[in-house]
Every structure is written in C-alpha cells, then in structure tokens.
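> missing the sequence, but the structure's below:
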C-alpha cells in the first residue's frame, strides 16, 4: 500500500459551540491510507470535536471534508459508515443484555441472518487477530472484550478509516500490546487509523505520524520516528514541560488509615471486595492498581462512608495515636470528625459536579455548610477558590459563570480535581484523577498530589496508567477480582509485574 495516498483531507474545518466557544479553527489535516496517525493536543484543543465531525456526530460550521478525493457531506454516523468511516468512543455504546453478535449487527438495515453474521465476524477476527466469544453477553465481558466488540462492529460495517478515542485508557499492558498488534495488522491491510491518546510512550510505539492541535488550531505534524517525547510535548503545549514525575521520599510515614478484612457486596449480593487488608500512611502515596471493576471504586467509597460494608474494620489513626472507627459513621460525620476524606469519582458529572451550575457554584457544594445562616451561604470563598483552581490548573473557560457542562471533558476534570485537593484533606482518595487529561495538566495534578503528601496527607491514588503508578507512588496495592494480590514498592517494581498481578486472583 502506498501510504502517501490520501484517504481523508480536512480543509479549513471550523466549529463553534454556544456561539462563542471556538473548538476548531481552520483546521487542515490529511489522513493517509495504510497509516496509524496519532492526534495529540491538550484538553480542550479540539481533537475529539474534529473526529466527531468526521464520524458524523457534529457538522462543521465551515470547511470541506474530502474522502478519497471527493468532497462529501457527513450529517450522521450512518453517513460516515456509508463512506467507510467508523469511530470507537471512550464510552462504549453497547447493550449489556445482548451478546457480541447481536451488538455488532444492531441497527443494520434489512433481514439479518445471525449465523451468517457470526461467520463474517469470525473471518474478521481471524484476519486481524481479534479474540472474541460471539455468544458471550456484554455484561459478562471485560473492558478489553467490550472494546473488541466495538472495533469489530465498525469493521463489520465496512470501515476503512477507524478512529479510536483513548483506546488504552483502561487496558493492562498485555491487553494494550495485543490491541497494538491488531492495529498493525489492520494497517498492513490498508486501513487508515487515527488514535487519540495522551500516552506519549504509546504514540511512539504504535503511530507512523503525529498531528498536533493547540487551542483548536492545527500546529503541524511530524513522523513519529523523527521526533522525541519532549519535542511532541513542547509542540502540543507551546513551551517546555518537564517529563519527570517528582517522587519525594515519604515524610514520617506513620499509619493514618488501617483497613482490616474488608468485605463489600453490591446490591445483588455479588462480592466486590473480599477480605481486603492494608495500611495507608501519612506522608505517602499508596497506589491502587487493578483492571477496571475489580473493586477500586468500592474501596474508596467504603473508606469515605459511601458503601455498606459486610465485614471488616476501617480505622482512622490520629497523630497522637488515638483511633476512630469509621464504619457506622455517615460521610458527613466522617468529614466533621476532621478526617476530610476527599473522593474524586470516576463519573465527573454524575457524582462529582452539577453540569448546569457554574464553576464557582460547584466549588460551593463543598463549602455551603460553612455559611453563617441556613438561608445564606458564603459565596465569596467558593468564587475565590474557583479563581485559584482556574489559574493554577489553566482551566479553559470563557468565565467563572460558565456552566461546567459547556467545558471540555478534560477541563471538567480539572475543576473536579482542583476542588477536591483544595480542601487540604488529611486523607486524599483519588480515583482516576488524570483520566483524559493531557500531559501538561496531568503533571500539574501530580504536583498538587505531591504537595498534599508533603503536608502529611495519606494519599490513596487509584490510577489506570501503570507507568504513572510506578513513577508516582511509594507503594502499590494490586487488586484482582476484589482481592489483594500483593503490595509492592513503587521504586523497585515495573508495569509488567503489575499487569501480571492484576490478572492473578489473590488469596482470601
């Protein structure tokens, strides 16, 4: 395949939201046949918006989309599929109670023969190296299996141009390597693949070319083999960024939280945490590694008083040695004890922020009880805090009065994390604090977390990027199917060891 042949040309693409927010401004970008192109940029730079226009979710306000040399109009995902374009989003669009085959054929026109569909699916899997059980229900699948269904679904519809948005966000290193091999096989077959990711080491591993967006504008592109991570970062941010995560030695790491034999069931009686025990020390970052859904969320929620615990103890240890049993207390009682547990949930707008409220009012959700009257609240302090967070984390927003639902996903995340860390907790619980954040924003968050560590907070950090866990955390606890596989030293372990431990069920 001549990879100089152009599959997609975007010419002067412009997109504006709410009349004033310029998401893309005169973007010119080519996607070649038989190449893997990484699309790189800070949060809010317009990467996903640009690809959403190519996949038919949005329509450009101005500009041209040219597919295989012919100008086209794409008004819907159905139009995009007809042109051989398919996008796999971060959040999968699958029906849980259907099996793989049913999800893959769902929405197609005409009479469908499931037996014939399964043969075609098997042929696709054999050709590119996918592993899929076509009769397995979605609710029984791992994250990587669900992702496979999504990719096969777009290939089943004839996609020659595939867009993958943060495809490795919740995969183990082993699953990521398998996905990359599949992508290389598709590339060899002449497919054009665009990958949106913030993981620069993965960009170097998988892509042929890198295209950079900054503040909605196309900055340039480069051959991956001719560029370094530092060069890519500087081009993306517009200035030099240090790529070394600081990890100061723990200061007086005395026990702060002690978890003993913790068992948690969900509403259906399924065990989510099974006999979990560990100690989190003040002045230390304890990482939690595990495949998505292995109990990380339930662990943080249990400590924060948000989960019903079947068995076990969670003890808070004061600096003077006094202890407080947290189980049985409400989240408010735990907070009023002075424990100040701060929980950054996985769902930014579902649990963390109110989308229709502005940034300052979302800050007030953490401080409204401090008002002098039940009828009046202190609005100045939250607004001052909002200004501090916007400035410190470089939140891209028209104003403090902008509803957070109008911000990009990464900027929503900055508001949420900034608010939680600003409370200066004695125990900081963070779940996926940098999920979807660009590298510059991520390092700002790491700095803030290290500041809390230096102040003596016990930080429990649930992360999905194993490279970051190894570089940032003092110790790392590994969960598999709700059990502790082991606790390792962050300074001496590596991501492949963690990846192996994540798939080996621990002992009760």
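Perfect, thanks for sending it. Keep in mind it's a predicted model, so treat the numbers as computed, not measured.

> and stretch 101-119, what's buried?
Going by neighbour count (16 or more other C-beta atoms under 10 Å), the buried part of stretch 101-119 is 101, 102, 103, 104, 105, 117, 118. (Glycine included, C-beta is placed from N, CA and C.)

> now the end-to-end length of it.
10 Å (C-alpha to C-alpha, to the nearest Å).

> give the contact list for residue 392.
418, 444, 448 (C-beta atoms under 8 Å, 6 or more residues apart in numbering).

> my read is the first one is in a helix, agree?
Yes. Assessed with DSSP: H, G, I helix; E, B strand; the rest coil, residue 418 lies in a helix.

> that older thread, of the contacts of residue 392, closest to residue 169?
residue 444 (19.3 Å; C-beta to C-beta).

> correct me, but that closest one touches residue 391?
No. Using C-beta atoms under 8 Å, residue 444 is not in contact with residue 391; the gap is 11.1 Å.

> between these two, point out the one with more neighbours.
Each of residue 444 and residue 391 has its neighbours counted (other C-beta atoms under 10 Å); residue 444 has more, 19 against 10.

> sec struct for the more buried one, please.
helix.

> could you dump the buried residues of stretch 101-119 into JSON lines and include secondary structure?
As requested, these are exported to JSON lines (three-state DSSP):
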{"residue": "101", "secondary structure": "helix"}
{"residue": "102", "secondary structure": "helix"}
{"residue": "103", "secondary structure": "helix"}
{"residue": "104", "secondary structure": "helix"}
{"residue": "105", "secondary structure": "helix"}
{"residue": "117", "secondary structure": "helix"}
{"residue": "118", "secondary structure": "helix"}
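
> what's the most distant pair in the residues you listed?
103 and 118 (12.5 Å).

> pretty sure residue 43 contacts residue 411?
Yes. With contact defined as C-beta under 8 Å, residue 43 reaches residue 411; the gap is 5.7 Å.

> okay, and the helix or strand of the protein with the least pLDDT?
The weakest-scoring helix or strand in the chain, judged by mean pLDDT, DSSP states H and E, is strand 342-344 (a mean of 54).

> just checking, next helix/strand downstream of that strand?
For strand 342-344, the following helix or strand on the C-terminal side (DSSP states H and E) is helix 359-364.

> name the helices or strands packed onto that next one?
helix 380-392, helix 409-422 (3 or more C-beta pairs under 8 Å, 6 or more residues apart in numbering; DSSP states H and E).

> go through those and pick out the most buried.
Among those, ranked by average contacts under mean count of other C-beta atoms under 10 Å, first place goes to helix 409-422 (a mean of 23).

> following that helix, which helix or strand shows up next?
That would be, after helix 409-422 and using DSSP H and E, strand 427-431.

> show me what that next one is packed against.
Checked by 3+ C-beta pairs under 8 Å, 6+ apart, strand 427-431 has helix 296-303, strand 342-344, helix 409-422, helix 439-454, strand 458-462 packed alongside it.

> quick check: residue 312 touching residue 261?
Yes. Under the criterion of C-beta under 8 Å, residue 312 makes contact with residue 261 at 4.5 Å.

> who touches both of the two?
Joint contacts of residue 312 and residue 261 (C-beta under 8 Å, 6+ apart) are 275, 276.

> any stretches of the chain with poor pLDDT?
Low-confidence segments of the chain (pLDDT under 70): 1-4, 19-20, 170, 239-243, 336-352, 366-378, 409-410, 436, 505-508.

> could you chop it up by domain?
What automatic domain parsing lists as the domains of the chain is 6-237, 255-501.

> closest one to residue 245 among these?
domain 255-501 (4.3 Å).

> secondary structure class for the closest residue to residue 283 other than its chain neighbours?
Leaving aside its chain neighbours, residue 283 sits nearest to residue 251 (4.1 Å; criterion: C-beta to C-beta, 6 or more residues apart in numbering). The local conformation at residue 251, judged by three-state DSSP, is coil.

> buried residues, stretch 173-188. List them.
Buried, per 16+ other C-beta under 10 Å, within stretch 173-188: 173, 175, 176, 177, 178, 179, 180, 182, 183, 186, 187.

> what's the helix or strand for the third one?
To tie it back to what came earlier, the one meant is residue 176. helix 173-188.

> give me the secondary structure label for residue 195.
Counting by three-state DSSP, the backbone at residue 195 sits in strand.

> next up, identify which helix or strand the residue nearest the centre of the chain is on.
Taking C-alpha atoms, centre = their mean, the centroid of the chain lies closest to residue 435, which sits 3.1 Å from it. Per DSSP H and E: residue 435 is located in neither a helix nor a strand.
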